[in-house]
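K.L.:
quick one, structure for this:
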Amino acid sequence: MPISSLPGLVPLNGSLLEDGRRPDFRDVFGHLAQHSTGVDTAVTRIRLSTIDLTPDEVRDVVLFRVIVAEVNSLSIDAEARVLHTLPGRAPNLRFLAHLLECGTLQVRAAPLAGWSPDFTVFSGADGPEAVLCGFHWFERPYPHRGPALASLHFGRGARVARRRFDALWAGAHDIGPALWDIVTRARRSAG
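P.N.:
Numbers count the residues shown, from 1 in each chain. This is a model prediction of the structure:
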């Protein structure tokens, strides 16, 4: 019996993204964000060093919600302090602080929740349009031997992922002010 004939399975149009090939995760994430008004991300942990979204990529994003499962304020603080001393990385942290200040970026923690894999839903005026699932890694090259795989789905897949994201969001607690405080304190200490 072919897989597509399994009862209850609705084939989803999708693409597999692979480390070392373009477009890669970073290309696709940036392109989708640039054409979205809403971005909803569920990731296991925050890695400040990998955040490199540009103002152009999130220019039209009205709301960027992030849920994290694992949060360690000491490691985020240490990472922020180091990044603020690096000329090529400090602007990314300042931009992150700006997004937190203006309310475009909202961050919540859900330490008792769980999901797999990490995923991001991209929405437009008519609702969810795409979901990117898999390991969320922006830096190039991928630092391990791999594979680092992600998949991109549209339509029904995006709507299902958004519904699941909303349920996680409702049970999570706000850590945006604490994250903003860590990032701005690190900037002040770096001069």
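K.L.:
so where is the chain shaky, pLDDT-wise?
P.N.:
Counting by pLDDT under 70, the chain contains low-confidence residues at 1-13, 49, 190-191.
K.L.:
please enumerate the strands of it.
P.N.:
14-18, 38-45, 63-70, 105-109, 119-124, 127-134, 149-154, 173-174 (DSSP state E).
K.L.:
for this structure, just list every one of the helices.
P.N.:
Secondary structure of the chain by DSSP state H: the helices cover 25-34, 73-83, 90-102, 156-170, 176-190.
K.L.:
please identify the deepest-packed of the ones you listed.
P.N.:
The highest average neighbour count among those, using mean count of other CB atoms under 10 Å, belongs to helix 25-34 at a mean of 19. In short, each C-beta sits where N, CA and C put it, glycine included.
K.L.:
how close does Val58 get to Leu32?
P.N.:
11 Å (CB to CB, to the nearest Å).
K.L.:
go on, Asp166?
P.N.:
Summarising the geometry, the distance separating Asp166 from Leu32, computed by CB to CB, is 19 Å.
K.L.:
rebuild the helices of the chain as TSV, extending it with distance to Gly114.
P.N.:
Formatted as TSV, the entries for the helices of the chain read as follows, by distance: least, CB to CB, whole Å:
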stretch	distance to Gly114
helix 25-34	22
helix 73-83	20
helix 90-102	25
helix 156-170	9
helix 176-190	21
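K.L.:
tell me which of those helices lies nearest to Gly134.
P.N.:
Of all the helices of the chain, the one in closest proximity to Gly134, counting by CB to CB, is helix 25-34 (7.3 Å).
K.L.:
chain center to the closest one, what's the gap?
P.N.:
Offset of helix 25-34 from its chain centre (CA atoms, centre = their mean, to the nearest Å): 10 Å.
K.L.:
show me what it is packed up against.
P.N.:
strand 119-124, strand 127-134, strand 149-154 (3 or more CB pairs under 8 Å, 6 or more residues apart in numbering; DSSP states H and E).
K.L.:
quick one: His153 and Pro87, what's the gap?
P.N.:
Separation of His153 from Pro87 (CB to CB): 38 Å.
K.L.:
higher neighbour count, the two?
P.N.:
His153 (19 against 7; other CB atoms under 10 Å).
K.L.:
bridging residues for the more buried one?
P.N.:
Beta bridges link His153 to Gly14, Val131 when assigned by DSSP bridges.
K.L.:
quick one: contacts for the residue nearest to Thr184 when sequence neighbours are not counted?
P.N.:
Once flanking residues are discounted, Thr184 sits nearest to Ala97: 5.7 Å by CB to CB, 6 or more residues apart in numbering. The neighbours of Ala97, taking CB atoms under 8 Å, 6 or more residues apart in numbering as the test, are 180, 183-184, 187.
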